[in-house]
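Enquirer: Sequence isn't available, so here's the structure alone:
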């Protein structure tokens, strides 16, 4: 079981990630005011000391702790380390993303250092954005200088301020655009804030103060983990985003998620290039390298080394992917400019419709940007994939017009283990290529068998005009509408057709099953009799329906299918084709 200590933006993000697992977990906050909606989680409220934490963890069989608390909650961080040691559980520290230290700001090690520097800079009017808990700490400063504290407009915060004997008329409260408005109203010489990270609004506060031309004093975030007795006995995983959190949970508590996430080929290429660069510049060969993902978070990725290259083994997780286990290599050399080259096993674009023109290496825009953001130096980077050409024959690449190898792709850098997500993304790519081919019609079909039969009807269409939808009929039609494709043909075989006729736009067996009662209704509409008792597969209908009634039945099925499909492509001419096992095609 997992116990999350939240009450922060990171706590809420942690809940979103854990909810994907569908497993029970616990979410602890100090007060009821920090409650959020949980489906699979149980909310625990009230501050706990270490003995209470230990009792709670043993009661609920807690085997993993997620510390998503505020970066300045040092006492809590320290207590969680004691807790983890006592119950022998690992900790995932879900921290924030922090911008690099800006040299224009005045950085302070602690509050005493801040007061010393405020005095040194002769700051007599200060707006403190450090929260109500630090009013007492800053007493020596505000007793001598004019100071305003911004606090939450709630009774508990007001009570703490009053307890510190801070002047009530110098308390200000959170409102919309409060920092900008307060600076205009109070005209302070400086603001004092914490290094609270991007999610804590740090960047916005700094930019507003800079724009107003006032100085910014920043309390540096405490180091993590804080100094505790024997912290080395606690296993700590550091993450700063949702993908890293999920992968850390999958590593430390594998049974929590029924399916595990994986890495895109773009992330593998970035990791390999990063490792090769570290080896070249620092003569080091770490087993893991940090990879900055497009969403700003950083994950650790395992790498290895060859004679003159570094590599990363593609881990697709539980997402079905023929590229799982491939080796993505990178070799680097210093250069006058930054250049990414596709080597052995990386395909080439041969058709329009991609991020780059025909002839370029099939390395999409997002992976190129990932590699560039992770490697600051000008380098000539060659990405290669041994056996990539062979693997590519089992992908969509030949249909997309990518020849000679696999493509290096991935928008987020992480593949969530939902095959439909990856499959629909492939469908979209195929539809884009079909549109770019200039075809007058796009023909969507369920797979290779139906496509062979339908191609005979459209011998003059280019190969790119034929797109497989698998089970995702509804999603494919929606993509056709988004791309404003005017002529669409949908080829479907009977097993999927009877599900589609009943309104199931996703025909996967886990989403829809053959409905004999509805099939009976369609038989009545076609005025034909057939014994449905013994059939277990829809294709058996071809044998039990009288031959002279098959065409009537097909027309009824197609009419029901059109009822659900036409609204998805209102600006297109949609043709439906029902295909039997022998290749005979029925249409309206």
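Expert: That came in fine, so what should we check first? Just so you know, these numbers come straight off a predicted model, no measurement behind them. Numbers count the residues shown, from 1 in each chain.

Enquirer: Which residues are in contact with residue 304?
Expert: Shown here is residue 304, whose contacts under the criterion Cβ atoms under 8 Å, 6 or more residues apart in numbering are 310, 311, 312, 313. For every residue, glycine as well, the C-beta is placed using N, CA and C.

Enquirer: Which ones among those lie within strands?
Expert: 310, 311, 312, 313 (DSSP state E).

Enquirer: Tell me what the first one is bridged to.
Expert: Meaning residue 310. residue 305, residue 330 (DSSP bridges).

Enquirer: quick one: which of the ones in strands among the contacts of residue 304 is nearest residue 88?
Expert: The nearest member of those to residue 88, counting by Cβ to Cβ, is residue 313 at 31.0 Å.

Enquirer: any idea where the helices of the stretch 201-350 of the chain begin and end?
Expert: 202-212, 242-252, 265-282 (DSSP state H, counting those that start in this stretch).

Enquirer: from what I can see residue 580 touches residue 495, true?
Expert: No. Applying Cβ atoms under 8 Å as the test, residue 580 and residue 495 come out as separate, 11.0 Å apart.

Enquirer: Show me the contact partners of whichever strand or helix holds residue 140.
Expert: Under the criterion of DSSP states H and E, residue 140 resides in helix 139-142. Here helix 139-142 makes contact (Cβ under 8 Å, 6+ apart) with 115, 118, 119, 126, 128, 135, 147, 149, 164, 166, 170.

Enquirer: same question for that helix, mean pLDDT?
Expert: In this model, helix 139-142 has a mean pLDDT of 92.

Enquirer: And stretch 532-549, by the same measure?
Expert: 81.

Enquirer: Please compute how far that stretch lies from its chain's middle.
Expert: Its chain's C-alpha centre and that of stretch 532-549 lie 45 Å apart, by Cα atoms, centre = their mean, to the nearest Å.

Enquirer: Ok, stretch 355-368 next?
Expert: Distance, centroid of stretch 355-368 to centroid of chain: 22 Å (Cα atoms, centre = their mean).

Enquirer: Span of it from start to end?
Expert: This stretch, stretch 355-368, spans 11 Å end to end (Cα to Cα, to the nearest Å).

Enquirer: likewise stretch 182-201?
Expert: End to end - Cα to Cα - stretch 182-201 spans 16 Å.

Enquirer: Can you show me the strands along the stretch 151-300 of the chain?
Expert: 171-173, 190-194, 215-219, 236-239, 262-263, 288-292, 298-302 (DSSP state E, counting those that start in this stretch).

Enquirer: quick revisit: quick one: buried ones out of the ones in strands among the contacts of residue 304?
Expert: Those of these that meet the buried threshold are 310, 311, 312, 313, by 16 or more other Cβ atoms under 10 Å.

Enquirer: quick one: the second one from residue 272, how far?
Expert: Using Cβ to Cβ, to the nearest Å, we find residue 311 at a distance of 5 Å from residue 272.

Enquirer: Please enumerate the shared neighbours of the two.
Expert: The contact lists of residue 311 and residue 272 share 303, 328, 329, 330, where a contact means Cβ under 8 Å, 6+ apart.

Enquirer: Tell me how far residue 280 lies from residue 289.
Expert: Following Cβ to Cβ, the distance that separates residue 280 from residue 289 is 13 Å.

Enquirer: Kindly apply the preceding question to residue 349 instead.
Expert: Counting by Cβ to Cβ - residue 349 and residue 289 are separated by 28 Å.

Enquirer: Residue 53 now?
Expert: 35 Å.

Enquirer: now do residue 43
Expert: 38 Å.

Enquirer: of the two, who's got more company?
Expert: residue 289 (23 against 16; other Cβ atoms under 10 Å).

Enquirer: can you pull the contacts of the more buried one?
Expert: Contacts of residue 289 by Cβ under 8 Å, 6+ apart are 271, 274, 275, 278, 300, 301, 303.

Enquirer: Just give me the closest of those to residue 143.
Expert: residue 300 (47.3 Å).

Enquirer: What about the residue nearest to residue 212 when sequence neighbours are not counted, how many residues nearby?
Expert: Of all residues not flanking residue 212 in the chain, residue 183 sits nearest, at 4.8 Å (Cβ to Cβ, 6 or more residues apart in numbering). Residues lying near residue 183 (other Cβ under 10 Å) number 19.

Enquirer: Could you verify my assumption that residue 183 touches residue 210?
Expert: No. If you go by Cβ under 8 Å, residue 183 and residue 210 don't touch, sitting 10.8 Å apart.

Enquirer: Show me what stretch 77-91 is in contact with.
Expert: 5, 49-50, 53-54, 57-58, 62-67, 69, 93, 222, 224-226, 228, 230-231, 233-237, 252.

Enquirer: Give me the buried subset of the residues you listed.
Expert: For the contacts of stretch 77-91, buried by 16+ other Cβ under 10 Å: 5, 53-54, 57, 62-67, 69, 93, 225, 228, 234, 236-237, 252.

Enquirer: I'd like to know how far residue 163 sits from residue 152.
Expert: For residue 163, the distance to residue 152 - Cβ to Cβ - is 15 Å.

Enquirer: how about low-confidence regions in the stretch 401-550 of the chain?
Expert: 417-422, 509-510, 536 (pLDDT under 70).

Enquirer: Do a quick rundown of the strands in it.
Expert: Under DSSP E, counting those that start in this stretch, the stretch 401-550 of the chain gives strands at 402-403, 414-415, 442-445, 466-468, 487-493.

Enquirer: so which of these gets nearest residue 201?
Expert: Using Cβ to Cβ, these put strand 414-415 closest to residue 201, at 26.2 Å.

Enquirer: Which other helices and strands does the closest one contact?
Expert: On a contact count with 3 or more Cβ pairs under 8 Å, 6 or more residues apart in numbering; DSSP states H and E, strand 414-415 meets helix 242-252, strand 262-263.

Enquirer: how far out from the middle of the chain is the shortest one?
Expert: Relative to the mean C-alpha coordinate of its chain, strand 262-263 is positioned 11 Å out (Cα atoms, centre = their mean).

Enquirer: on contacts alone, who are the packing partners of that strand?
Expert: So strand 262-263, by 3+ Cβ pairs under 8 Å, 6+ apart, packs with strand 414-415.

Enquirer: what's next to stretch 245-255, contact-wise?
Expert: 2, 13-14, 17-18, 20-21, 23, 63-64, 66, 90, 92, 94, 235, 237, 239, 256-257, 260-261, 299, 317, 414.

Enquirer: can we see that at 6 Å?
Expert: For stretch 245-255, the external contacting residues (Cβ atoms under 6 Å, 6 or more residues apart in numbering) are 17, 64, 90, 92, 94, 237, 239, 256, 257, 260, 261.

Enquirer: Check stretch 10-21 too.
Expert: By Cβ under 6 Å, 6+ apart, stretch 10-21 touches 4, 25, 36, 39-40, 66, 68, 94, 242, 245-246, 256-257.

Enquirer: remind me which residues of the chain are low pLDDT?
Expert: 32-35, 175-177, 227-232, 320, 353, 417-422, 509-510, 536.

Enquirer: Looking at the contacts of residue 289, state which has the most neighbours.
Expert: Busiest of these [other Cβ under 10 Å] is residue 271, holding 30 neighbours.

Enquirer: Could you tell me which residues make contact with that one?
Expert: Residue 271 is in contact with 289, 291, 301, 303, 312, counting by Cβ under 6 Å, 6+ apart.

Enquirer: How about residue 367?
Expert: Going by Cβ under 6 Å, 6+ apart, residue 367 touches 266, 269, 408, 410.

Enquirer: List the buried residues in the host helix or strand of it.
Expert: Using DSSP H and E, residue 367 sits within helix 365-374. Neighbour-count burial for helix 365-374 flags 366, 367, 368, 370, 371, 374 (criterion: 16+ other Cβ under 10 Å).

Enquirer: can I get the residues you listed in JSON lines with distance to residue 586?
Expert: Output for the buried residues of helix 365-374, formatted as JSON lines (distance: Cβ to Cβ, whole Å):
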{"residue": "366", "distance to residue 586": "43"}
{"residue": "367", "distance to residue 586": "44"}
{"residue": "368", "distance to residue 586": "47"}
{"residue": "370", "distance to residue 586": "48"}
{"residue": "371", "distance to residue 586": "51"}
{"residue": "374", "distance to residue 586": "54"}
